[in-house]
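Colleague: my questions concern the predicted model and sequence given below.
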Amino acid sequence: MPAYHPQRIEPRWQAYWEEHQTFATPDLDRDRPKLYILDMFPYPSGAGLHVGHPEGYTATDILCRFKRMKGFNVLHPMGWDAFGLPAEQYAVQTNTHPRVTTQANIDNFRRQIKSLGFSYDWSREVDTTDPGYYRWTQWIFLKIHDTWYDRDFEWTDPQGRPRKGKGRPIAELPIPDGVDPDAYRDSRRLAYRAEVPVNWCPALGTVLANEEVIDGKSERGGHPVVRMPLTQWMLRITAYGDRLVEDLEIVDWPKSIRDMQRNWVGRSEGAEVDFPVVISGQPPAPPSGRFPDKPAENVIRVYTTRPDTLFGATYMVLAPEHPLVDRVTTPEHSEAVAKYREQAARKSDLDRTDLAKTKTGVFTGGHATNPVTGEPIPIWIADYVLISYGTGAIMAVPAHDERDFEFAKTFDIPIRAVVEPPADWLKANAPKEAPADLLAAYKADPGAFSGVFHDEGVSIQSRNDEFAMDGMPTAEAKPAVTAWLAEKGLGKKAVNYKLRDWLFSRQRYWGEPFPVLLDESDRVSPVGEDELPVLLPDLDDFKPTGTPEPPLSKAREWVRYSEKLRREINTMPQWAGSCWYYLRYIDPNNTERPWDPEKEKYWLPVDLYVGGAEHAVLHLLYSRFWHKVLFDRGLVSTPEPFQRLVNQGMILGETEYTAYRDPAGAWVAAASVVQSDKGPIRKGDASATVLETVKLEEDQIVKKGEGFVLKDAPEIRVDARAHKMSKSRGNVINPDVVVSEYGADSLRLYEMFMGPLEAVKPWSMKGVEGVYRFLGRAWRMIVDYEAEEIALDQRVKDAEPTPEQAKLVARTIAAVGDDYEALRFNTAVSRLMEFVNAFTGAEVRPKAAMEAFTLLLAPMAPHLAEELWRILGHEKTLAYEPWPTFDPVLLKDDEVEIPVQILGKVRSKITVPADADAQAVEAAARADARVAALLEGKTVRKVIVVPGKLINFVAN
């Protein structure tokens with residue numbers, strides 16, 4: 001019997017698509033509108049895909065197939081983000097070259113993805129580890145290295161907005177008189193080398209990200225980590241901070257993602273202020289009258305968003321790594337300072353800031369001069385100040401900053417109030433025995449109050465012999481003091497970012513080599529473009545050296561470029577290849593240039609980009625930065641790479657059911673259980689008796705209300721929750737298993753039927769089975785499953801549909817099309833199920849209706865749809881068949897049912913012609929027996945009719 005058998009159907013159609021290159025995308029087809037739909041390409045790990053990966057791929061594939069049927073020229077490519085630490089760590093552990101394991105992983109990922117029937121143009125496949133690809137990654141790096149940011153350059157963007165600031169060729173950089181031109185250009189490049197503090201793990205032989213360091217130890221293995229300076233490549237992403245924020249207004253992205261990027265950039269306006277250092281008791285030299293670009297040798301420069309609080313700065317804090325620490329530290333404090341700096345070097349940035357609940361620090365013995373009061377104030381070092389943020393130094397205003405307040409209270413440092421709080425704040429935070437005049441008490445001793453007033457207010461106690469701010473609101477005081485500082489050469493208005501310049505090098509082997517050369521003085525020169533790609537040397541020993549010296553140092557012949565020049569031995573991070581892959585897809589086989597300008601103008605921007613929210617900041621921010629540099633240099637035609645962004649929700653593992661038993665064997669309701677260090681215990685159990693955790697099967701529980709209870713003890717509610725898929729929990733679902741049992745179409749359809757694309761959803765194999773049964777019903781609606789050979793069901797005939805059937809077909813076409821456009825795939829599946837339910841019982845199934853259904857099903861279940869299309873008598877693939885049309889008249893109802901209200905309460909319902917006017921509706925309502933009875937003996941004062949919606953009688 002010809003039953004639905006996906007294991008026979010699906011491989012055959014996948015082979016057909018590959019043989020005929022069905023989804024190869026023609027370039028520059030100007031007769032059709034273009035549509036570029038992109039998936040965030042995967043990192044091909046050894047574990048292969050799990051069922052969470054295909055969710056976004058399925059959504060984009062449905063839209064691509066739908067849009068091809070709607071007449072669009074669709075670009076839908078796939079590739080591999082294959083450089084990086086995971087592959088190298090596995091290679092080190094197994095002593096297998098990362099090129100071997102990476103290629104094996106790619107082959108497995110490609111096989112799995114092809115088994116799901118996605119309509120990718122495989123002729124455009126890219127691999128970031130391919131020299132033909134990373135040749136152009138290196139080329140882009142050289143363009144970034146050859147660019148400086150001109151903040152004063154004025155231009156008009158493609159949206160007609162006047163803009164300021166643009167990346168320009170380094171040759172156009174004006175050189176001031178009296179400076180070394182080469183050194184000055186190097187100081188302004190967007191790509192530069194600098195010595196920066198990093199987290200170095202000697203045991204792992206690598207630099208670790210802040211997130212990989214916990215309590216001074218490596219997350220992997222628990223090895224000690226130290227902070228140490230290393231010369232690294234940096235990219236000046238901060239130069240583009242304003243535009244990275246401003247241009248979020250011209251893209252169609254989720255608000256949450258745009259907010260995350262704004263917060264990550266963290267733009268703020270304030271002032272840079274110089275605090276002269278008192279050296280050996282000598283007063284500092286007077287300012288020159290002009291605020292210098294760089295602080296003088298014995299000056300501490302700070303950035304503050306609250307220059308109006310300068311009169312309240314009673315001490316300063318330097319990061320332990322600050323270069324002035326040695327100069328300001330007095331002999332009697334040197335030992336304590338050295339010990340503290342050593343301790344700080346063992347902490348990550350995360351440990352030192354957000355996670356540091358107790359403020360620690362050491363006095364250096366040195367002092368600086370507050371520029372507005374002229375008073376000497378003590379200089380401390382503390383690890384909550386980072387050398388990598390701002391200037392690595394802060395002015396501390398303890399009366400108006402909680403962090404500074406805690407520090408000042410800990411170390412008994414004066415606290416001076418310079419902003420007047422409102423009366424209700426003073427009252428709420430005053431000490432118990434405060435005098436009647438709370439403001440006077442606050443001015444005298446703000447440390448006695450329980451809170452820290454950090455909002456804006458009115459300046460108090462803020463005057464010197466030349467300048468006074470007392471009585472000024474904060475909004476006026478900020479520019480006023482900034483102007484005074486600028487006049488005196490002590491400060492200037494400034495913009496700062498939480499965003500830091502991008503640390504762009506790794507001490508690892510498996511990454512793109514930098515296309516630069518270094519001379520004996522470490523002066524950088526780029527290789528010629530004709531020398532690209534700079535190939536990664538094929539090392540047998542690619543393991544870390546155990547020192548900060550990168551593994552590429554072992555390739556001595558490769559490193560030695562000439563007698564006086566050597567190659568850079570750091571490699572680029574994994575982000576490099578993923579920053580621009582969307583551009584290579586448009587022209588992947590071009591050996592003369594990274595992309596053809598005409599093709600770039602045709603295809604960009606990407607119309608829809610789909611991927612996980614975990615890439616919301618770094619990848620998207622980095623890609624936008626690279627794109628903007630390329631845009632400024634005239635190499636791309638759009639200011640933003642990705643016009644629309646959609647984040648698919650996470651797919652969790654199967655729901656797990658858990659119950660608890662006490663030592664006597666009695667069940668304990670989940671709501672009465674809390675987790676302790678020892679395990680689950682009863683709430684309020686002083687003895688902390690650990691309960692037994694019992695994992696339940698589905699046949700042991702039943703649903704009750706919004707939760708689940710034990711089938712044999714319905715009074716006991718159990719814990720039901722789904723968890724993120726992970727090997728450790730053993731809840732990872734391999735798509736190969738699902739495909740082998742139920743077919744790719746079932747997997748695709750189920751992932752779309754689980755719920756809205758953006759929602760987090762638990763997996764259920766029973767749900768897959770339900771969708772598989774639906775596809776079987778769709779098969780039997782068209783195919784004669786009782787015949788010996790595959791053939792049309794005899795009830796499928798060339799016949800006119802009944803009026804009801806015609807309406808159902810038209811409405812399904814309209815609704816499914818709207819759902820596909822809006823990415824509401826779960827409701828599209830429901831509409832197709834309703835269609836099958838309606839026609840399964842029909843003795844006559846018009847062939848035209850069955851063809852329309854098959855075309856509607858095709859984007860979601862393409863293998864089954866192709867097979868049904870062939871059975872319906874068509875020889876060619878349906879991939880480019882026109883989307884079915886319908887008569888809009890069929891979307892209108894002949895009759896509608898409307899509620900009848902009396903005094904606003906529904907009392908009955910009536911059926912009237914869809915075009916009935918108010919008089920006809922009222923007549924029909926009065927004729928209704930129930931309404932007539934309720935209105936009998938009452939006076940109708942008013943009748944409200946909303947045609948097609950409702951009628952309301954106001955009667956008494």
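Modeller: Nice, thanks for sending it over. Numbering: from 1, shown residues only.

Colleague: so who does W667 touch?
Modeller: Contact analysis of W667 by C-beta atoms under 8 Å, 6 or more residues apart in numbering lists 659-661, 710, 713, 716. Backbone N, C-alpha and C define where each C-beta goes, glycine included.

Colleague: which members of these are the farthest-apart pair?
Modeller: Spatially, the most separated pair among the contacts of W667 is Y660 and A713, at 12.0 Å (C-beta to C-beta).

Colleague: neighbour count winner among these two?
Modeller: Ranked by neighbour count (other C-beta atoms under 10 Å), Y660 and A713 place Y660 first, with 23 against 13.

Colleague: and the more buried one, bridged to which residues?
Modeller: V668, T693 (DSSP bridges).

Colleague: might one say that it is in contact with A670?
Modeller: Yes: with contacts counted by C-beta atoms under 8 Å, Y660 reaches A670, the gap being 6.8 Å.

Colleague: how much space between the residue nearest to the spatial centre of the chain and E758?
Modeller: Nearest to the geometric centre of the chain sits A616, at 1.1 Å (C-alpha atoms, centre = their mean). Distance of A616 to E758, given as C-beta to C-beta, to the nearest Å: 13 Å.

Colleague: how about H615?
Modeller: For H615 relative to E758 (C-beta to C-beta), the value is 15 Å.

Colleague: between these two, which one's more packed in?
Modeller: H615 (18 against 12).

Colleague: for the more buried one, give me the pLDDT.
Modeller: Looking at H615, its pLDDT is 82.

Colleague: and the nearest residue to it once chain neighbours are set aside, how many neighbours?
Modeller: Spatial nearest neighbour of H615, excluding adjacent residues (C-beta to C-beta, 6 or more residues apart in numbering): M40 at 6.0 Å. Look at M40: counted by other C-beta under 10 Å, it has 22 neighbours.

Colleague: quick check: M40 touching A613?
Modeller: No: counting by C-beta under 8 Å, M40 stays clear of A613, with 10.6 Å between them.

Colleague: before we move on, the earlier item: got any residues that touch both of A616 and E758?
Modeller: By C-beta under 8 Å, 6+ apart, A616 and E758 have these common neighbours: N647.

Colleague: give the next helix or strand downstream of the helix or strand where Y442 lies.
Modeller: Assigned by DSSP states H and E, Y442 belongs to helix 438-444. Beyond helix 438-444 in the direction of the C-terminus, DSSP H and E gives the next helix or strand as strand 458-459.

Colleague: quick one: contacts of that following strand?
Modeller: By C-beta under 8 Å, 6+ apart, strand 458-459 touches 308, 311, 418-420, 469-474, 477.

Colleague: try it again at 10 Å.
Modeller: 308-309, 311-312, 418-422, 468-474, 476-478, 480-481 (C-beta atoms under 10 Å, 6 or more residues apart in numbering).

Colleague: ok, stretch 701-712 next?
Modeller: 655, 657, 659, 667, 669-671, 694, 696, 698-700, 714-720.

Colleague: which residue, neighbours along the chain excluded, lies closest to R68?
Modeller: If the residues on either side of it in the chain are set aside, R68 comes closest to V74, at 5.2 Å by C-beta to C-beta, 6+ apart.

Colleague: typo on my end, it should be A191
Modeller: Leaving out its chain neighbours, the residue that sits closest to A191 by C-beta to C-beta, 6+ apart is H145, at 4.0 Å.
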